[in-house]
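quick one, what's the 3D model for this:
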Amino acid sequence: ALISQMDAAIRFLSEYSEEKKGFLEQKPVFSYSELMEMQKELEPAKAVVKEAKALENRLVETRSRRIRLQNLKTQIEPWMRLGVPVEDVKSTAHVYLAAGFIAPNEGEDLGARLEREGCLAAVEQVGVSSERAAVFVMAHGDDMQKTLEVLREYGWAEMNFEGLTGRPADIFAAYEQEESRLERENEEVREQAKALSMSIHTVEHARDYHATMLDRLSLNASMARTGSTFALHGWVMADHTDILEKELVKVTNNYYIRFSDPEEGDEIPSAVRNPRSVDQFEAVVDMYSPPSPKGVVDPAPLLGPFFVMFYGMMVSDAAYGAIIALGCYAIYKWRKPTGMMNKMLRLLAWGGVATIFWGLMFGGVFGISIPPILINPLTQPIEMLGLCFGLGFVHIITGIVIKAYMNIKRRQYLDAVCDQFLWIILLFGLPMLALPATSTIGTVFSLVGVGGILLTGGRHQKNIFKKFTSGLLSLYDITGYLSDVLSYSRLFALGLATGVIASVFNTIGGMMAGSVFGYIAMTAVLIIGHAYNIGINAMGAFVHSCRLQYIEFFGKFYESGGRQFQPLGYKTRYLRVGKKA
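Purely as a prediction, here's the structure:
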């Protein structure tokens, strides 16, 4: 609870702190001993958190009261011309008095209508807006019912002055005075919050110290203890056992350690290690779900080439790719991020490189068409769709091959043949049928695939009839594969959108050229427009490339559901623990 309170206080004080932290700003580095000394800041930080919460509550209260006052002012404003105290607007034994609203510009017509109905009544319109008119009605008591019937025809809504006293103009003035007082109070609280924000680093340090200590305490709770010893049980990377022993010797010689392989029933955490050239693709896997520890294949290096290729095709502008790649590289070198941010920046940088490649292939630079090396998507849409579907087909087949490999590794050879290889044969055979040169072999492949799936799709069933029907139903999966291939049309759609939007901004900018101010406006339009286009399409390409991995690719083989291996470390958010440069 204290951690969340500190985080809330930091968020609140950050709004009023003059020391604004930029996205690219690096976290300060502290040594372990300096982190431990931050225990002294815990109590002062608690006091700051308490005061920040009180100030935030006051701001919320004054804001809600001001909103309420504004609503009350809106209600009373149409009655400003009413010259009598509102408490006097009430009926007597012989006179019906009321104030209310009707449709706008109906006041005179209402008076005439009451006169025609023979009502002894008077109507005064005291205020009007675009939506309604405020009217004051006075009628003889004997005519009250007839008057009300006429009023209802005009959409009458009676005004309730309950709890108010004095003339409406005086009430409105009192509301404005109260609103001014609340504004002054609000400003005072803001100044206090601004002064308190000077202590924001105290809260940040105490928060990270407290989070680290809580992590240690949770570990202590799992220890087996005696008067002079304690025992720990946990996980370590298999190739880190020697390193762990060497570090223990630096602390004490009085220890005993034993390493063992996981046993049946152990909840094994998932841990993968890839070379630096591909570990950035772990970010895509981690956003989905860590792999099962019982899995055979780490998908990160396998999805990498497809991810960046699809990303580049969906942005498909060489200049945009250069900006993305150089921007991510600059942030990476400047900020020196760790963890997920480190991987994401390198992942997007590779996506930028792929975008440069596909931009040149398709002939797009800042929305300006250049001679394409491969295909012009605008003039060759059929060829472009064919390329997208072809790459999608390869992507899907790769997923099926990986699943076959997993079954072979597990010695499930029959499953590999019946559930993967037969489908691969069928999926290769179907497109061959469309080409005269390969139609014969395509027919053979298709018949072998269909026959094999029909005969083996229900092999787990005991009843012969169920075996056949299950095999027949298995063939229905072909529609799923065809649907998966069609999903890759998004590569064409998003790539086309990038180029079209870019060319639109170029056209708008070009229309403004001609004078000094025109060129200034053109420059602003081009910079803002292309920046927007890069941002929105880079985000869209990332999301849709992830989607193709998660649905079309992972759906063929990936075994998720693992628990991420998280070594004991420093649970810090606002600082880093390490050696100072």
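
first-to-last residue distance for stretch 138-145?
13 Å (Cα to Cα, to the nearest Å).

average pLDDT for that stretch?
Averaged across stretch 138-145, pLDDT comes to 88.

can you name the residues that contact Phe468?
Applying Cβ atoms under 8 Å, 6 or more residues apart in numbering, we find Phe468 in contact with Leu454, Gly458. C-betas here are computed from N, CA, C, even on glycine.

before we move on, what SS does it have?
Secondary structure for Phe468, judged by DSSP: H, G, I helix; E, B strand; the rest coil, is helix.

quick check: it vs Ser474, distance?
Per Cβ to Cβ, to the nearest Å, Phe468 is found 11 Å from Ser474.

what touches both of those two?
With Cβ under 8 Å, 6+ apart, Phe468 and Ser474 have common neighbours Leu454, Gly458.

what about Glu153, neighbour count?
Number of residues near Glu153 (other Cβ atoms under 10 Å) recorded here: 10.

OK, contacts around it?
Taking Cβ under 8 Å, 6+ apart as the definition, Glu153 has no contacts.

distance of it relative to Val401?
Using Cβ to Cβ, one gets 78 Å for the distance from Glu153 to Val401.

same deal with Val543?
26 Å.

same question, Phe101
Taking Cβ to Cβ, one finds Phe101 at 74 Å from Val401.

okay, Val543 and Val401: which has more neighbours?
Neighbours were counted for Val543 and for Val401 using other Cβ under 10 Å; Val401 has more, 17 against 11.

state the number of residues packed around the spatially closest residue to Thr92 that is not a sequence neighbour.
Spatially, and ignoring its direct neighbours in sequence, Thr92 is nearest to Gly141 (7.5 Å; Cβ to Cβ, 6 or more residues apart in numbering). Applying other Cβ under 10 Å, we find 14 residues neighbouring Gly141.

one more: Tyr481?
So Tyr481, with other Cβ under 10 Å, has 19 neighbours.

for it, give me its contacts.
Ile396, Trp423, Leu427.

which helix in this protein runs the most residues?
Using DSSP state H, we find that the single longest helix of the chain is helix 42-76.

and the helix or strand just after that helix, what does it pack against?
Next helix or strand after helix 42-76 toward the C-terminus (DSSP states H and E): strand 95-102. On a contact count with 3 or more Cβ pairs under 8 Å, 6 or more residues apart in numbering; DSSP states H and E, strand 95-102 meets strand 133-140, helix 144-153, strand 157-158.

repeat that for 6 Å
strand 133-140, strand 157-158 (3 or more Cβ pairs under 6 Å, 6 or more residues apart in numbering; DSSP states H and E).

domains of this protein?
2-67+179-218, 90-160, 279-557 (automatic domain parsing).

quick one: closest of the ones you listed to Tyr255.
With respect to Tyr255, and counting by Cβ to Cβ, the nearest of the domains of the chain is domain 2-67+179-218 at 18.2 Å.

gap between the two ends of the closest one?
Start-to-end, domain 2-67+179-218 (Cα to Cα) is 15 Å.

for Ile331, which three-state class applies?
Secondary structure, three-state DSSP: Ile331 is helix.

oh, that last question was meant for Glu264, not what I typed.
Going by three-state DSSP: Glu264 is coil.

what is the neighbour count of it?
Glu264: 4 neighbours (other Cβ under 10 Å).

in this protein, which spans are strands?
Here the chain has its strands, by DSSP state E, at 29-30, 95-102, 121-128, 133-140, 157-158, 224-225, 230-231, 364-365, 368-369, 576-577.

I'd say the residue nearest to Thr92 and His94 touch.
Yes: assessed by Cβ atoms under 6 Å, Gly141 is found in contact with His94 at 4.5 Å.

ok, the residue nearest to Leu548 when sequence neighbours are not counted to Ala133 distance?
Nearest non-adjacent residue to Leu548, counting by Cβ to Cβ, 6+ apart: Phe310, 5.8 Å away. Distance, Phe310 to Ala133, using Cβ to Cβ: 62 Å.

okay, these two: which has more neighbours?
Phe310 (30 against 20).

wait, doesn't the more buried one sit right on Ser545?
Yes: using Cβ under 6 Å, Phe310 is in contact with Ser545, at 4.4 Å.

if I look at Glu191, how far off is His460?
Glu191 is 74 Å from His460, by Cβ to Cβ.

related to what we said a few turns ago, tabulate the strands of the chain (TSV), appending distance to Lys73.
Putting the strands of the chain into TSV (distance: least, Cβ to Cβ, whole Å) gives the following:
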stretch	distance to Lys73
strand 29-30	53
strand 95-102	16
strand 121-128	13
strand 133-140	14
strand 157-158	18
strand 224-225	67
strand 230-231	68
strand 364-365	56
strand 368-369	55
strand 576-577	52
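
let me see the contact set for Met453.
In this structure residue 453 is Ile, not Met. When contacts are counted by Cβ atoms under 6 Å, 6 or more residues apart in numbering, Ile453 touches Leu422, Ser474, Leu475.

can you check Glu204 too?
Glu204 neighbours (Cβ under 6 Å, 6+ apart): Tyr574.

again with Tyr558
Going by Cβ under 6 Å, 6+ apart, the list of residues near Tyr558 reads Pro299.

ok, now with 10 Å
285, 288-289, 291-292, 295, 297, 299, 302-303, 399, 402-403, 406, 549-550 (Cβ atoms under 10 Å, 6 or more residues apart in numbering).

thinking again about what came up before, and Arg576, which of the domains of the chain is closest to it?
The nearest among the domains of the chain, by Cβ to Cβ, is domain 2-67+179-218 at 4.8 Å.

how close does the closest residue to Val86 other than its chain neighbours sit to Leu447?
Take Val86 and drop its neighbours on the chain: the residue closest to it by Cβ to Cβ, 6+ apart is Phe161, 3.9 Å away. Distance, Phe161 to Leu447, using Cβ to Cβ: 88 Å.
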